[in-house]
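>>> 3D, please:
(one chain, ligands or ions: 1)
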Amino acid sequence: MSRFIVTLCLSGVLLSACGGDKQKAEEEKPAEAKVEEKTTEGSSEAITAEMLAQKYNLEAGKTVYEQSCQSCHMMGVAGAPIHAKKEAWSDRVSLGMDMLIKKSIEGYTGEAGMMPAKGGNPELSDEQVADAVAYMISEVI
Ligand code: HEC
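Here you go, the predicted structure:
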C-alpha cells in the first residue's frame, strides 16, 4: 500500500499531498486564485463599488439617470426594475456590466416590459448610458 502511495507521489499525481509539498501548495493557492481573477477581467468583470467608481463617471451617470431614466425606474413604471431596490436588480446584476449596458443602449423587450433604446433619448452617447447604468447598479450592490 505504502509503495502504491510512493509511486503516486513520484508520478506527480499527488505531489501536493505528499508531506512538505502540501503546505507549499496551500501557500500558493491564493496567488493562483488572483491570477485567475485577472484573466477573467474584461467582458464579465465582477461588479464591485470600486470597479464602478474607477471605470465609470457615477456623478455624470446620476444626472443622466435623473433626466432620462428615473421617469420609469424610480417607481417601476411599465415593469422597469425599481431604482435602488436590491431584490429588483439581483438577477440582472449577475449579467455583468457589458451586457446591461449593451441592452440599455440598444433597448430590448424582456419578461417585465420594454426597455427603450437609451431610455428613449437618442441624444445620449453610449458613454452617458453606460455611466447611468453604472450609477444605477452602484445603488444596488
Ligand atoms: C419607458 C420606461 C423606461 C425608461 C425611460 C428607461 N427604462 Fe430601463 N427598463 C425599462 C423596463 C420596462 C425594463 C425591464 C425590461 C425587462 O427586463 O422586462 C428596464 C430595464 C433596464 C435595465 C436592466 C437590463 C437587464 O438586462 O436586466 C437597465 C440596466 C436599464 N433599464 C437602464 C436604463 C437606463 C440607463 C435608462 C436611462 C438612460 C433607462 N433604463 C430608462 C423601462 C425604462
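>>> Can you tell me which residues in this structure are near the ligand?
Within the chain, the positions adjacent to the ligand are 64, 68-69, 71-73, 77-81, 92, 95, 100, 103-104, 110-116, 118-120, 129, 132-133 by Cβ under 6 Å from any ligand atom. In this view, the C-beta of every residue, glycine as well, is placed from N, C-alpha and C.
>>> Stretch 52-59: end-to-end distance?
Start-to-end span of stretch 52-59 (Cα to Cα, to the nearest Å) is 11 Å.
>>> Touching that stretch from outside, list them.
Here stretch 52-59 makes contact (Cβ atoms under 8 Å, 6 or more residues apart in numbering) with 97, 130, 131, 134, 135, 137, 138, 141.
>>> Identify the residues contacting the closest residue to the fifth one other than its chain neighbours.
Nearest in space to residue 135, with sequence neighbours left out and distances taken as Cβ to Cβ, 6 or more residues apart in numbering, is residue 61 at 3.2 Å. Residue 61 makes contact with 128, 130, 131, 132, 133, 134, 135, 136, according to Cβ under 8 Å, 6+ apart.
>>> Now do the same for residue 61: its pLDDT.
With respect to pLDDT, residue 61 scores 98.
>>> rewinding a little: now render the contacts of residue 61 as a markdown table, adding secondary structure and distance to residue 46.
Listed next are these as a markdown table, based on DSSP: H, G, I helix; E, B strand; the rest coil; distance: Cβ to Cβ, whole Å:
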| residue | secondary structure | distance to residue 46 |
| --- | --- | --- |
| 128 | helix | 24 |
| 130 | helix | 17 |
| 131 | helix | 19 |
| 132 | helix | 20 |
| 133 | helix | 16 |
| 134 | helix | 14 |
| 135 | helix | 18 |
| 136 | helix | 17 |
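>>> Just read off the phi/psi values of residue 81.
The phi/psi pair for residue 81 (degrees, to the nearest 10) reads phi -60, psi 130.
>>> domains in this structure, as residue ranges please.
Following automatic domain parsing, one gets these domains for the chain: 2-39, 49-138.
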